[in-house]
Structure formats: C-alpha cells, structure tokens
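Visitor: Predicted model and sequence below, questions to follow.
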Amino acid sequence: MAQLHVDVNLKGNTKNGDNVRTADDIEECDFSKLLDKPRPLNIDRQRSCDERSLNELSIGLSPHLSCRNSDAFSRIIDHIDYVHSPIAGRKSGFNTPRSHVNVFEPHPTVAEAWDALRRSLVYFRGQPVGTIAALDNSEEELNYDQVFVRDFVPSALAFLMNGEPEIVKNFILKTLRLQSWEKKIDRFQLGEGVMPASFKVLHDPVRNYETLIADFGESAIGRVAPVDSGFWWIILLRAYTRSTGDSSLAEMPECQKGMRLILSLCLSEGFDTFPTLLCADGCCMIDRRMGVYGHPIEIQALFFMALRCALLLLKQDNEGKEFIERISKRLHALSYHIRSYFWLDLKQLNDIYRYKTEEYSHTAVNKFNVIPDSLPEWVFDFMPLRGGYFIGNVSPARMDFRWFCLGNCIAILSSLATPEQSTAIMDLIESRWEELVGEMPLKVCYPAIESHEWRIVTGCDPKNTRWSYHNGGSWPVLLWLLTAACIKTGRPQIARNAIELAETRLLKDNWPEYYDGKVGRYIGKQARKFQTWSVAGYLVAKMMLEDPSHLGMVALEEDKQMKPLMKRSNSWTF
Ligand code: GLC
C-alpha cells in the first residue's frame, strides 16, 4: 500500500494553536501533490490520534460547513487514512484498549464498554469468532445468545480500531464456511451465496466437542433470509483489508468465491425493471414485518456499498473479471436511480404534490404513477427548508416517505449520496434533531406508524407498536453510523452532541438494545440489556471521533465516473 507523508497537511493543527488551520485553509491545500509523492510514513500513529484529535482537526470548522468545505474535510480524512499504518505497532494489548491510552481523560463509560464487549466474546475451539447479541440473563434468550452477522459489524470495527484484527479474520472465515452449507427451508433450497443471519457454538459435553449451528432464515421469525448479511460480510472484509493493510485474506480463493456467490445472488437477471434489489419484508436489521419490502433504502444502500467494496476486493482473474464488469454497470444504474427517484427535498416534495397522474410513455414525468393524495400529512411538516433525505422505498405507485437512519447514513458513507445530498441529509438531521435524536440517538425510522396503518402494515405486531422497537424506536447502535457520516461530511459537532446524550444514560441503563417513545426517553418495552451492538456502536463512535482516520475503514470516496449521470433533477443543488 502506498504511504504518504501526512505531517504536511496536518501539522498546522498544532496543540498550542499557533498555526491553526481554518476550513478555508483546508480547502486551499493541494492534495493532489500529496498523492503524487508517496513517501514512507513517518508519523507515530499513536501520537497522531492522541494529539491530533478531531477537536483540533475541526478547529474553525463550523457545524454548518458549506458543501465545498465539508468535501475538503472528507478529503483530509481520506488522506489520513491513506497512511494507515499496518497492524504492527498498533496493538495495544488485549486488555488495554488503545483509547484508554489517551492524553485526555477518557469518559468512564469507555472502560465499562470495553469490559462489556470482551465479556460478549464467543469462542469456537479456543478461538474468538464473534460476539453474542446480548448478555442479558434476566430475559428469555430467544436467539440473542447467537452471533449475528449484522450485530458483529460494530464489534469488529471496535476490534480493528483497537489493533485486534484476529477475531475479525476468524469471523470472516467461519461465516464463509457456513455459507457453503446446504440451506433448506422446508423443502425449498436457498441460493448458494446466502450468508447466515446468525450462528451459535454448540458444545457436546459427552464428546467434548464443539460444532456450529447457523440460521439462514429457517429458524427466524417469519422465515426470511437476511439479505443484509452477505453485504455486511463484504463490507467487513474490505474494512479488515483497509485497516490491516493485509490483502491476503481477501485474495484467498475461498474469499473470492464467497464474494462471487453473494454477487451472483444479487446481480442475477430476472423480471426487474429497476436496478434496485427486490426483497421481502424483514430481511435486514428491521427483521419483522414493517412495510420494509420491495426496494427498501435500508437494503439498497448496503447493496451499493457492498458492490463498491467488492469492486475493490475482487481479483482481475478470469472469474473475477466478469463480475467486475457487471458490478460497474449495476453501480451506474443504481446510483442514477436512487439519487434521482429516492431523493426528497422541499422542491421534490412540491413537485410530487403537483404531479399529474396516469401518464403513459417515455415522456412521463411521474414515472411510477405516484398519486399525490398518497403523500402523508406529516411529511409536509417534517421537511425543512434546507435539507433532504432518501425516502424509504420507491415502487410502482408507492413511495414510502419514512426516514430510515441506516440507509441514509450508509448512503453518505458509500458516496451513493452526492456531496450535496450528504450535506442536505446532515442539515435535515440538525433541523429535525428533536424528532430523530431527541433524548437518545437514534431513531431507526421516522415517524412511527399507528392505528389502522399499524394493523395493516405490521399485521398487528405487539412488539412494533408506535414509537417502539422497529417502529420509531431509538437504537444506540446507530450512533456509530451517525458519527461516521458526521465525520465524512465535516460535521463532527453533531456526533459529539449525540454521543454526549448517549453517555448520560447508556451505562446507567445497562446498554439497552433500544429505547421507546417519541423522544426515546424510555428503555424499550422488550429491550434486552447488555446488547452488544449498543456497546460496540458507542465505542466505535468514540474511537472514530478521537481518531477520524478510522473513517477510511467504513467510507468510500465519491466515484467521479458516476458524476455526469446525476443530471435529471437539480432539486438538490442549492
Ligand atoms: C433483533 C433485531 C435485529 C438484530 C437481532 C439481534 O432481532 O431486530 O436487527 O440483529 O435482534 O440483536
């Protein structure tokens, strides 16, 4: 991996402030020069993260950075990450998380979080292979005693950021083995590439032997296969590669094949007229019926990010080449479709409000025949003057206007959102703070559905009543996604505010899985305590703010080739 001399663009931010840079200075830096001259890394990375914390990087950056400047900021982050030193020299000892070795006194919650995270480790034949979903002995276990693929992602990132990549490697290899299992639900065989939602270690005391069992949807409530697992797996493989500088794992024939199998599933041709991926309700983090089916943003954003990561990881060999071509085409179409049709801001909302219907042929403006009467009342109040977001779903005659946190944050991180759209999403989060963050970050979706709509959409689900769980509940795990998005857009103060809120309660409340209520004031009705991803999400958010160079693990720069395709609507260019 090429390495650059990072002192040049960061040393100006000295601690005593004698040479403090403003956002304008940052904009003026000639980054291309830095890129041209790869030089060996000569900063002590430990020092770089302890002494040049984001506090300093962001001196002079107002929380309302203009798009130009936020772009510049994210370029800086990308460049710092470019010099990410390989793992050697980063390890801080299994029990001494790097964030503990800080010149600033760490928040007491951090040490407790590390303890809780380590307690959640799951071992298979002596090796750590994942983290348990929740360590709550007071509640019925259900499947919370398993290692969930999606839940492990923030744990994995925390370990990678702390210089402990082994567990992540083990996890990647173990889940890869599970992928090759034959998967059947009743008599129906699932696609080869499906990754499990979760797995568990079974101990046979008689034979003193451990085996794994996995759930591909055949035990899950609703019997839905997790579409997100495979995408998270690819995203994690890239995070591992980026963080360690070790590409040998991704280059293993087994990993290359695992990726190709996942890709075959989601790139296969069929009856689709949209480049988005058609899926069933409950196939992602929101894993119960919640009207998140068809083409939900929660999956589309992950799909986009996984495709971009796969493009970086796939080898250009005979088998890989074919996929690389198919991915490139799909990415092109996907970004055009989502940036154009999923985007909602004041202008777009007004356009839909005035839509003509029943248009036929290529000249149609209202292509999906959305009936303006289907616009919900709340969206007119929710939409700020400045700002916008990707709506939940676009299907024929159906737009789901709900805001979904994960989809919008992943859209920012993967650069599915243009820089202007990313800024607009952050503007919306700021202006709708009360609704989306309130007293506990962060709403999984907004608003809740109630009454008749709740009956129809959820099938009267008592777990997903209004403002609870997946139906407008607040999930601390989402803090890491918000923080990453904040750093990428140059708005770290937003993340700081959210983390501060979380710190007032998370530890005291024993790391609940989710909070209920309009502002997230109450510990969730059936929330598990010691929910691992609440713990890990907090730690990742903290570590990323402390050392923004970690962002490179989970973020991708804009792909310039996709730019000319975004012309259709100018409604997001201010
Ligand atoms: C719940 C959540 C799901 C999570 C699982 C384990 O089912 O809806 O997203 O993966 O718990 O924590």
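Guide: Yes, it's here. Values in this document were obtained by computation on a predicted structure and should not be read as measured data.

Visitor: Kindly report the residues of the chain close to the ligand.
Guide: When proximity is defined by Cβ under 6 Å from any ligand atom, the chain lies next to the ligand at A133, F148, R150, D151, M285, D287. Backbone N, C-alpha and C define where each C-beta goes, glycine included.

Visitor: Neighbours of the nearest residue to N510 once chain neighbours are set aside, how many?
Guide: Nearest residue to N510, sequence neighbours excluded (Cβ to Cβ, 6 or more residues apart in numbering): K529, at 4.1 Å. Counted with other Cβ atoms under 10 Å, the neighbours of K529 add up to 18.

Visitor: Would you mind confirming that K529 is in contact with D136?
Guide: Yes. Assessed by Cβ atoms under 8 Å, K529 is found in contact with D136 at 4.5 Å.

Visitor: just to revisit the earlier point, now that we have the residues of the chain next to the ligand, which one has the most neighbours?
Guide: Most neighbours among the residues of the chain next to the ligand, by other Cβ under 10 Å: D151, with 29 neighbours.

Visitor: How much space separates that one from G130?
Guide: 9 Å (Cβ to Cβ, to the nearest Å).

Visitor: what does S374 give?
Guide: S374 is 42 Å from G130, by Cβ to Cβ.

Visitor: More neighbours: which of those two?
Guide: G130 (29 against 12).

Visitor: looking at the sheet around the more buried one, what are its partners?
Guide: V122 (DSSP bridges).

Visitor: How about the contacts made by it?
Guide: Residues in contact with G130, defined by Cβ atoms under 8 Å, 6 or more residues apart in numbering, are L121, V122, V147, F152, S155, I167, N170, F171, K174, F199.

Visitor: need the strands for this protein, in chain order.
Guide: The residue ranges that make up the strands of the chain, judged by DSSP state E, are 121-124, 127-131, 147-148, 184-185, 188-189, 198-204, 209-215, 343-345, 388-395, 398-404, 445-446, 515-516, 522-523.

Visitor: Just put these in JSON lines and tack on mean pLDDT.
Guide: Shown next, in JSON lines, are those (pLDDT from 0 to 100):
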{"stretch": "strand 121-124", "mean pLDDT": "98"}
{"stretch": "strand 127-131", "mean pLDDT": "98"}
{"stretch": "strand 147-148", "mean pLDDT": "98"}
{"stretch": "strand 184-185", "mean pLDDT": "89"}
{"stretch": "strand 188-189", "mean pLDDT": "92"}
{"stretch": "strand 198-204", "mean pLDDT": "96"}
{"stretch": "strand 209-215", "mean pLDDT": "96"}
{"stretch": "strand 343-345", "mean pLDDT": "98"}
{"stretch": "strand 388-395", "mean pLDDT": "97"}
{"stretch": "strand 398-404", "mean pLDDT": "97"}
{"stretch": "strand 445-446", "mean pLDDT": "98"}
{"stretch": "strand 515-516", "mean pLDDT": "98"}
{"stretch": "strand 522-523", "mean pLDDT": "98"}
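
Visitor: In CSV, list these along with distance to L314.
Guide: Listed next are the strands of the chain as CSV, based on distance: least, Cβ to Cβ, whole Å:
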stretch, distance to L314
strand 121-124, 28
strand 127-131, 25
strand 147-148, 26
strand 184-185, 29
strand 188-189, 26
strand 198-204, 25
strand 209-215, 25
strand 343-345, 29
strand 388-395, 27
strand 398-404, 29
strand 445-446, 33
strand 515-516, 40
strand 522-523, 44
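
Visitor: hmm, what's the outermost residue in this protein?
Guide: V206 (41.9 Å; Cα atoms, centre = their mean).

Visitor: Please name the residues that touch that one.
Guide: By Cβ under 8 Å, 6+ apart, no residues touch V206.

Visitor: And the pLDDT at it?
Guide: pLDDT recorded at V206 is 96.

Visitor: From the ligand, how far out is it?
Guide: As judged by Cβ to the nearest ligand atom, to the nearest Å, V206 and the ligand stand 30 Å apart.

Visitor: any idea how far S340 is from N162?
Guide: 40 Å.

Visitor: of the two, who's got more company?
Guide: When N162 and S340 are compared for neighbours, N162 comes out ahead with 22 against 18, by other Cβ under 10 Å.

Visitor: and the more buried one, what pLDDT?
Guide: With respect to pLDDT, N162 scores 98.

Visitor: show me the contacts for the residue nearest to N510.
Guide: So K529 contacts A134, D136, S138, E139, D509, N510, W511, P512, E513 (Cβ under 8 Å, 6+ apart).

Visitor: Just among the contacts of G130, which is most surrounded?
Guide: Neighbour counts for these (other Cβ under 10 Å) peak at F152, which has 30 neighbours.

Visitor: Identify the residue spatially nearest to that one, adjacent ones excluded.
Guide: Of all residues not flanking F152 in the chain, G130 sits nearest, at 5.1 Å (Cβ to Cβ, 6+ apart).

Visitor: What is the burial count for the closest residue to the ligand within the stretch 301-450 of the chain?
Guide: Nearest residue of the stretch 301-450 of the chain to the ligand: V444, at 9.0 Å (Cβ to the nearest ligand atom). Neighbour count for V444, taken as other Cβ under 10 Å: 22.

Visitor: Touching, it and L406? I think so.
Guide: Yes. The pair V444 / L406 is scored as a contact, 7.4 Å apart, by Cβ under 8 Å.

Visitor: Find residues that contact each of these two.
Guide: Common contact partners of V444 and L406 (Cβ under 8 Å, 6+ apart): M285, L478.

Visitor: Quickly list what the closest residue in space to P296 that isn't next to it in sequence is bridged to.
Guide: In space, and not counting its chain neighbours, P296 is closest to N393: 5.2 Å by Cβ to Cβ, 6+ apart. N393 has these beta-bridge partners by DSSP bridges: P296, D400.

Visitor: mind listing what N393 touches?
Guide: Here N393 is in contact with G291, V292, G294, H295, P296, I297, M399, D400 (Cβ under 8 Å, 6+ apart).

Visitor: Neighbours of the fifth one, how many?
Guide: To tie it back to what came earlier, the one meant is P296. 29.

Visitor: my guess is it meets L277, correct?
Guide: No. Under the criterion of Cβ under 8 Å, P296 is not in contact with L277, lying 9.2 Å apart.

Visitor: Which single residue in the stretch 351-500 of the chain comes nearest to the ligand?
Guide: H470 (6.3 Å).

Visitor: Look up the pLDDT of the closest residue in space to that residue that isn't next to it in sequence for me, please.
Guide: Distances taken as Cβ to Cβ, 6+ apart put I286 closest to H470, at 4.5 Å, once the chain neighbours are dropped. On pLDDT, I286 comes in at 97.

Visitor: so what's I286 up against?
Guide: Neighbour list for I286: V292, E298, V444, C445, H470 [criterion: Cβ under 8 Å, 6+ apart].

Visitor: Distance check, the second one against the ligand.
Guide: By that I understand E298. In this view, E298 and the ligand are 11 Å apart by Cβ to the nearest ligand atom.

Visitor: Would you mind confirming that that residue is in contact with C284?
Guide: Yes. E298 lies in contact with C284 (Cβ under 8 Å); the separation is 4.8 Å.

Visitor: between those two, what contacts are shared?
Guide: Listed as contacting both E298 and C284 by Cβ under 8 Å, 6+ apart are D228, V292, L406.

Visitor: Could you identify which of those has the most neighbours?
Guide: So for these (other Cβ under 10 Å), the most neighbours sit at V292, 28 neighbours.

Visitor: Any stretches of this protein with poor pLDDT?
Guide: 1-104, 561-574 (pLDDT under 70).

Visitor: biggest helix in it, by residue count?
Guide: helix 318-337 (DSSP state H).

Visitor: what's the nearest residue to the most centrally placed residue in the chain if we skip its chain neighbours?
Guide: In the chain, the centroid-proximal residue (Cα atoms, centre = their mean) is I410; its distance is 4.6 Å. Counting by Cβ to Cβ, 6+ apart, I410 lies nearest to A301, which is 3.8 Å off, once chain neighbours are set aside.
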